[in-house]
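Student: curious how this folds, go ahead:
(chains A and B)
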Amino acid sequence: MRFDSLLDSLGRTPLVGLPRLSPSPEVRLWAKLEDRNPTGSVKDRPALWMVDKAEKEGLLTPGCTILEPTSGNTGISLAMVARLRGYNMVCVMPENTSAERRQLLEMWGAKIIFSPAAGGSNEAVRVAKRLAAEHPDWVMLYQYGNEANALAHYETTGPEILEDLPTVTHFVAGLGTTGTLMGVGRYLREHVPDVKIVAAEPRYGELVYGLRNLDEGFVPELYDESVLTTRFSVGARDALHCTRQLLEQEGIFAGVSTGGALHAALAMARKAVKAGERADIVFIVADGGWKYLSTGAYEGTLEEAEARLEGQLWA
Amino acid sequence: MAIEVRIPTILRNLTDGAKSVEGKGSSLDELISDLDSRHPGLRDRLVDDKGGLRKFVNVYLNDEDVRFLGGLEAKVSDGDTVTVLPAVAGGRR
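Tutor: So this is what the prediction gives:
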């Protein structure tokens, strides 16, 4: 495949079957490999869509500064787009974030402003909103409330899934900004009767890398509960267990949040088997495991990994 | 076999400190009543005056939010795991 530039290569990611983890030939699991995007995560899609929209609306002009609260992937995607399009990038990020993420952001030229660890993502949002007020010339794209975030998935991820797998019955993804679930969910609901849209969120109080939790007292403006069929709460141990299963059984090296989505996908698969129904269950591999190696999530026993993840809340 | 119910820290004063207790019933409603017979006060902490789940309590059946499964009418059976968690005030919905 040939593309005119890196940004043109975004999307059209592989959808791969999981023959070993699927319970039967009638109930199949499929992984959408979003780590195969330019910076290695699903966030490249909303990042490009948000920048394009801001350019069209005249908010962004050459030399502008983009501001975004982000614990990692969105910031990395935006920093890459900003570099290629000639913008400055400022990320507000909780201070207890993995070294890999900080280094990647700085390599793509982003400036990082740290927010206190205690408040997590919510605190990063608060700090970013304050900075936006102090710097009226900075442009905050605000992934939690920017329709272009969900629209990127409505226009690309959703159609790609339907084209590759017209028999899709379930879509499962992690719940963070909610953009993936809202965008893909709306698209599939318009085209697939009775499709099930399933959210996987981290269990409150457990510290799972890469996942964000709506129950911290902050509901993203993009969230519309009516798009969802159901919602799972996944603990760190189950997320880690599934992340390892995905690697051991199917060879896929994914981040821990993907394990959370797989846990929910497997639960829906068991229900389909029990009900004697066929199912084609697609879940999102949001990113690869590379950025989380230093967390210890992939070393030693499950118990050791779970213990190491405690306290490493914000990726 | 019974249904395992995981109790959050703030409600363990009702379960003599136990992190999880066991109960029976065919619906979440029956299960909570069964638990209340041995742990008086538990039902009141989970269910409001109108007979629905309290707003700031989240209940999960095998990790799935019961609000999407019919709330108190959700069907439960032996071997299931129910997890009760407090929701932070000002949170969801």
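
Student: where does chain A dip in pLDDT?
Tutor: A:204-217, A:311-315 (pLDDT under 70).

Student: mind listing the strands for it?
Tutor: Listed in chain order, the strands of chain A (DSSP state E) span A:15-17, A:27-33, A:65-69, A:88-94, A:111-115, A:139-140, A:170-174, A:196-202, A:230-234, A:279-285.

Student: strands of chain B, residue ranges please.
Tutor: In order along the chain, chain B carries the following strands (DSSP E): B:3-6, B:20-23, B:57-61, B:64-65, B:81-86.

Student: same list (the ones you listed) but as a markdown table, adding mean neighbour count.
Tutor: The C-beta positions use only the backbone N, C-alpha and C, and glycine is treated the same way. Formatted as a markdown table, the strands of chain B follow (neighbours: other Cβ atoms under 10 Å in any protein chain shown):
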| stretch | mean neighbour count |
| --- | --- |
| strand B:3-6 | 19 |
| strand B:20-23 | 17 |
| strand B:57-61 | 21 |
| strand B:64-65 | 20 |
| strand B:81-86 | 20 |
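
Student: who wins for proximity to A:K56 among those strands?
Tutor: Closest approach to A:K56 among these is made by strand B:64-65 (37.6 Å; Cβ to Cβ).

Student: for that closest one, which outside residues touch it?
Tutor: Strand B:64-65 is contacted by residues A:230-233, A:267, B:58-59 when judged by Cβ atoms under 8 Å, 6 or more residues apart in numbering or on different chains.

Student: thinking again about what came up before, so can I have a markdown table of the strands of chain B showing distance to A:N122 and mean pLDDT?
Tutor: Shown next, in a markdown table, are the strands of chain B (distance: least, Cβ to Cβ, whole Å; pLDDT from 0 to 100):
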| stretch | distance to A:N122 | mean pLDDT |
| --- | --- | --- |
| strand B:3-6 | 26 | 96 |
| strand B:20-23 | 30 | 96 |
| strand B:57-61 | 18 | 92 |
| strand B:64-65 | 21 | 96 |
| strand B:81-86 | 17 | 90 |
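
Student: next, format those as JSON lines and append distance to B:D49.
Tutor: Below are the strands of chain B laid out as JSON lines (distance: least, Cβ to Cβ, whole Å):
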{"stretch": "strand B:3-6", "distance to B:D49": "22"}
{"stretch": "strand B:20-23", "distance to B:D49": "23"}
{"stretch": "strand B:57-61", "distance to B:D49": "14"}
{"stretch": "strand B:64-65", "distance to B:D49": "22"}
{"stretch": "strand B:81-86", "distance to B:D49": "19"}
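
Student: can you tell which of these is closest to B:S33?
Tutor: Judging those by Cβ to Cβ, what sits closest to B:S33 is strand B:20-23, at 8.9 Å.

Student: output that closest one as PDB, restricted to C-alpha atoms.
Tutor: Taking Å, rounded to 0.1, in the frame of the first residue of the first chain, the C-alpha atoms of strand B:20-23 are listed here in PDB:
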ATOM      1  CA  SER B  20     -17.900 -11.000  50.500                       C
ATOM      2  CA  VAL B  21     -21.100 -12.800  51.600                       C
ATOM      3  CA  GLU B  22     -23.300 -15.400  50.000                       C
ATOM      4  CA  GLY B  23     -27.000 -15.400  49.300                       C
END
